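Trainee: Test case, fold it:
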Amino acid sequence: MFDKSNTLFPIKDQYVFLTHCGIAPFYSNALKREYEIAEAQMRTGALVFRQYDAILDGLRQTAASVLKTVPDNLAFVKNASEGINLIANGYPFRPGDQIVSYVHEYPANHYPWKLQEKRGVELVLLPDRDITGRAPPKQPVAWTLDDLQKAVTPRTRIVALSHVQFASGYAVDLTPLADFCWAHGIDLVLDVAQSLGCLPFYPEELHVAAAVSSGWKWLMGPIGSGLLYTSERFRQRLDLTMVGAESMRQGTAYLDHTWDPFASAKCFEYSTSPIALAAALECCLREVPQRYGQEALAAEIFRLQDVFLGALDYARARPVFAPELLRTPILSLIVPQGAEAARRMLLKENVVCTERGGYLRVAPHFYNTEEEMERAARLLNDFTG
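Mentor: Residues are numbered from 1 along each chain as shown. As a prediction, this is how the structure comes out:
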C-alpha cells in the first residue's frame with residue numbers, strides 16, 4: 001500500500017532518517033513541483049503570476065480535504081510562529097484577560113502569548129507533571145487536564161497548547177480538552193506542527209478555534225511553508241495586524257485603497273506568497289495524507305514503532321511513555337548513557353535522530369521499513385556510552 005521506495009525518498013540511499021519531528025527530508029515529488037514553478041519564474045518573469053491564484057487555491061482545497069473543513073478556513077503561512085503571532089496579536093484581549101498554556105511549550109507557541117503581557121494579559125503556565133512516574137528529574141513530561149481545569153477562571157480567553165509536545169512526545173487526547181474549552185466558551189488554539197501528517201486531526205469536529213503548523217516536519221514540505229486554520233466564528237473576532245495587497249478583495253487594483261479585506265482566511269496572506277513553496281506543500285498534502293489517509297499513516301507509524309520497541313533492550317533505552325498507555329508519534333527515549341551521546345553514535349552509523357529536553361527522539365514516518373527500525377534498535381542495544 002505504501003510507497004517506501006528510494007526513488008521517492010532518496011535520503012534512504014545514505015541515511016536511516018528517524019527525526020520527522022525536526023526538519024524532515026523534502027518529499028521528492030514536491031521538490032519537482034517547486035522546481036517547475038521556480039523555473040517558470042526564471043523563464044517567464046511576471047507571467048508566472050498567471051498561476052498565482054490557482055496554486056494558492058489548490059493548496060487550500062487540498063488542505064481542506066485532508067482536514068475535513070472548507071478552503072476559506074485555511075491560509076498559507078511561512079511557519080507556525082507567523083501563524084500564532086497573527087492570532088495572538090489580533091485577538092481582542094482586554095487588560096486582566098488570561099491565556100492558559102504549558103510551561104514547556106515550543107517557543108513558537110510561547111513567545112507570541114508572552115508578548116500579550118504588554119497588553120495587560122496574564123499568561124498562566126500549567127506545571128509539568130510526570131504522569132509516567134519514571135521520567136528523570138527536571139525533564140519535561142506532560143501537563144494534565146485536571147491542572148488545566150483548576151487554572152481556568154472566568155477571565156480565561158484562550159487555551160494555547162500543542163497537540164504533541166516536541167520534547168517528551170506527549171500527545172494529548174484532544175476530545176476532552178476541546179469539549180472542556182467549548183463548554184466554557186474558551187478559544188482553543190493548537191500548535192499541530194508535531195501531529196499534522198502523522199495523527200488524525202479534524203479541527204471542525206473538535207470546535208477548535210485555530211490551529212497552526214509548519215510544513216517541513218511530518219508533512220515533508222519545504223522550509224518556509226506552513227498552514228493556518230481558523231474557524232469562521234473565531235476569525236470574525238480577530239483584528240488584522242499585518243495587511244497588504246493580498247489581504248484585500250480588490251487584489252491587483254493597487255490604486256484602490258478601499259479597506260475591504262477578505263472574510264476568508266486569505267485575509268492573513270498579507271503579502272506576495274512564495275508560490276513555489278505553496279505548490280510544493282500542496283503536492284505533499286495531496287500525495288501523502290490525502291492519498292493514504294491520516295488514520296492509515298498513524299497506524300503505519302505506530303506499527304514501525306512497535307517493531308523498534310520489540311527489538312530494543314529497555315536496559316539501554318526506554319520510552320518515557322509506554323505505548324500501551326499512550327500512543328504518540330515521537331518516541332522520546334530515556335537513555336542512561338546519555339541521549340546526546342547516543343544521538344552522536346547513531347549519526348556516525350548514518351541513523352539520524354535528535355535530542356531534545358534530555359530525551360533521544362525517534363520519530364519514524366510511513367516510508368521507513370522494519371529493517372531500518374530493527375537496525376536502529378540494535379545500535380542502541382550495543383551502545384555503552
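
Trainee: only C-alpha atoms for contact and neighbour calcs from this point on.
Mentor: Noted.

Trainee: Tell me where the model's unsure across the stretch 101-250 of the chain.
Mentor: The stretch 101-250 of the chain contains no residues with pLDDT under 70.

Trainee: quick one: the helices in it?
Mentor: 111-114, 145-151, 174-183, 203-206, 232-235 (DSSP state H, counting those that start in this stretch).

Trainee: P274 versus G385, what's the distance?
Mentor: 45 Å (Cα to Cα, to the nearest Å).

Trainee: likewise E324?
Mentor: From E324 to P274 the distance is 43 Å (Cα to Cα).

Trainee: could you say which helix or strand contains D53?
Mentor: Following DSSP states H and E, the helix or strand that holds D53 is helix 52-67.

Trainee: Going by neighbour count, list what's buried in stretch 112-129.
Mentor: 112-114, 116-117, 121-128 (16 or more other Cα atoms under 10 Å).

Trainee: before we move on, back to that, most neighbours per residue, which of the helices of the stretch 101-250 of the chain?
Mentor: Mean neighbours per residue, mean count of other Cα atoms under 10 Å, is largest over the helices of the stretch 101-250 of the chain for helix 111-114, with a mean of 19.

Trainee: Could you say which helix or strand holds L360?
Mentor: strand 359-362.

Trainee: packing partners for that strand?
Mentor: strand 331-334, helix 339-348, strand 354-356 (3 or more Cα pairs under 8 Å, 6 or more residues apart in numbering; DSSP states H and E).

Trainee: just to revisit the earlier point, E324 and P274: which is more packed in?
Mentor: Per other Cα atoms under 10 Å, whichever of E324 and P274 has more neighbours is P274, with 18 against 6.

Trainee: pLDDT at that one, what is it?
Mentor: With respect to pLDDT, P274 scores 97.

Trainee: Show me where the protein has its strands.
Mentor: 16-17, 74-77, 98-102, 122-126, 156-162, 187-191, 210-214, 226-230, 318-319, 331-334, 351-352, 354-356, 359-362 (DSSP state E).

Trainee: Out of these, flag the one nearest G244.
Mentor: Among those, the nearest to G244 by Cα to Cα is strand 74-77 (14.2 Å).

Trainee: pLDDT of the closest one, averaged?
Mentor: Strand 74-77 comes out at a mean pLDDT of 98.

Trainee: got the contact list for that strand?
Mentor: The contact list for strand 74-77 (Cα atoms under 8 Å, 6 or more residues apart in numbering) reads 56, 59-60, 63-64, 83, 225-230, 264-266, 268-269, 273, 278.

Trainee: rewinding a little: now the buried residues of stretch 112-129 in CSV, with distance to Q337?
Mentor: Listed next are the buried residues of stretch 112-129 as CSV, based on distance: Cα to Cα, whole Å:
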residue, distance to Q337
P112, 36
W113, 37
K114, 36
Q116, 41
E117, 41
V121, 43
E122, 41
L123, 37
V124, 35
L125, 32
L126, 30
P127, 28
D128, 24
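
Trainee: Near the nearest residue to F308 once chain neighbours are set aside, how many residues? Count them for me, please.
Mentor: Nearest non-adjacent residue to F308, counting by Cα to Cα, 6 or more residues apart in numbering: M373, 4.9 Å away. Counted with other Cα under 10 Å, the neighbours of M373 add up to 25.

Trainee: Also M42?
Mentor: M42 has 11 nearby residues by other Cα under 10 Å.

Trainee: What about T241, how many residues nearby?
Mentor: 14.

Trainee: Identify the residues contacting it.
Mentor: L86, N89, G90.

Trainee: likewise Y292?
Mentor: F2 are the contacts of Y292 under Cα under 8 Å, 6+ apart.

Trainee: Quick check: the gap between it and F2.
Mentor: Applying Cα to Cα to Y292 and F2 gives a distance of 8 Å.

Trainee: for R344, same thing?
Mentor: Distance from R344 to F2, by Cα to Cα: 30 Å.

Trainee: more neighbours, the two?
Mentor: The neighbour count for R344 versus F2, taken as other Cα under 10 Å, is higher for R344 (16 against 12).

Trainee: Other residues contacting stretch 274-286?
Mentor: With Cα under 8 Å, 6+ apart, stretch 274-286 has contacts from 27, 29-38, 52, 55-56, 58-59, 62-63, 66, 76, 215, 219-222, 224-225.

Trainee: Select only the buried ones of those residues in PyMOL?
Mentor: Buried members of the contacts of stretch 274-286, defined by 16+ other Cα under 10 Å, are picked up in PyMOL with:
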select buried, resi 27+29+30+31+33+34+35+37+38+52+55+56+58+59+62+63+66+76+215+219+220+221+222+225
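
Trainee: partner residues bridging the nearest residue to L326 once chain neighbours are set aside?
Mentor: Leaving aside its sequence neighbours, L326 sits nearest to A171 (Cα to Cα, 6+ apart; 7.5 Å). Taking DSSP bridges, one obtains V164 as the residues bridged to A171.

Trainee: wait, isn't A171 in contact with L177?
Mentor: No. At 11.7 Å, A171 and L177 do not qualify as touching, with contact defined as Cα atoms under 8 Å.
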